[in-house]
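Participant: Pasting the sequence and the predicted model now:
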Amino acid sequence: MSPRQYVMNKREASVARTRQRIVEATLELHGRKGIFGTSWQDIAAAADVSIGTVYKHFPSLDELVPACGELLMERIFPPSPEDLPAILGDALDPRERLRRVVRELFSFFERGGKYLESDPRERELESMRDFEDQLRSMVSLFVGEALRTMEPSEADLAVVSALADLPSFQAMAIRGVPLEDAVAVAVGGSMGWLQKAADEDDVKQGRKS
């Protein structure tokens, strides 16, 4: 390796380390103070760099928030569609399949904790709206696969997805409901709703008196 190449590689490594330090400091601050409660001065002090260095790497929240999101996902391991076969295993019963899916989702929400919380102002950021859209899509996909043999309507799938989504988990978590109990509540409520929908459909079709 030439001396020039060595210097360039060393400089690039230093820039990458500085960027990583900024992202790590920002993620920690956002978890404590929220996105809009964190100033560039806070970030610079926590990362031990100048404010100008922060702006050089991240000119605005549009660049900074997604970088923090990537780091967060690396730390809390979100489930992916490729994980579904392992999550569902050999379960054939829709209730058991849904239980496994909801437990996986709620475990992910629990790992994310305060970092997955957002306020109305933060939803003004495109990156936050995109993240929430992706999260809702993931929940709907997982729930749909769990209940595939039941062929739920779009309306019923929406109800069950709502019960398996982050706000439902958070509502129970802040009231101290243990994870397994939260899973049982979401699954029980979902299956009760699906049974009600099936009974109403039977009545409409004249299959029940």
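Facilitator: Looks like it arrived, so ask away. Residues are numbered from 1 along each chain as shown.

Participant: From residue 80, how far off is residue 27?
Facilitator: The spacing between residue 27 and residue 80, counted by Cβ to Cβ, to the nearest Å, is 21 Å. C-betas here are computed from N, CA, C, even on glycine.

Participant: buried stuff in the longest helix along the chain?
Facilitator: Longest helix of the chain, by residue count under DSSP state H: helix 3-33. For helix 3-33, a neighbour-count test (16 or more other Cβ atoms under 10 Å) marks 18-19, 21-23, 25-31 as buried.

Participant: Redo these as JSON lines? Include pLDDT and distance to residue 201.
Facilitator: JSON lines is the format used below for those (pLDDT from 0 to 100; distance: Cβ to Cβ, whole Å):
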{"residue": "18", "pLDDT": "95", "distance to residue 201": "60"}
{"residue": "19", "pLDDT": "95", "distance to residue 201": "55"}
{"residue": "21", "pLDDT": "96", "distance to residue 201": "57"}
{"residue": "22", "pLDDT": "97", "distance to residue 201": "55"}
{"residue": "23", "pLDDT": "97", "distance to residue 201": "51"}
{"residue": "25", "pLDDT": "97", "distance to residue 201": "54"}
{"residue": "26", "pLDDT": "97", "distance to residue 201": "50"}
{"residue": "27", "pLDDT": "95", "distance to residue 201": "47"}
{"residue": "28", "pLDDT": "95", "distance to residue 201": "50"}
{"residue": "29", "pLDDT": "96", "distance to residue 201": "51"}
{"residue": "30", "pLDDT": "93", "distance to residue 201": "46"}
{"residue": "31", "pLDDT": "91", "distance to residue 201": "45"}
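
Participant: Figure out the helix or strand that the residue positioned nearest the centre of the chain lives in.
Facilitator: Geometric centre of the chain, nearest residue: residue 135, 5.1 Å, by Cα atoms, centre = their mean. Using DSSP states H and E, residue 135 maps to helix 126-146.
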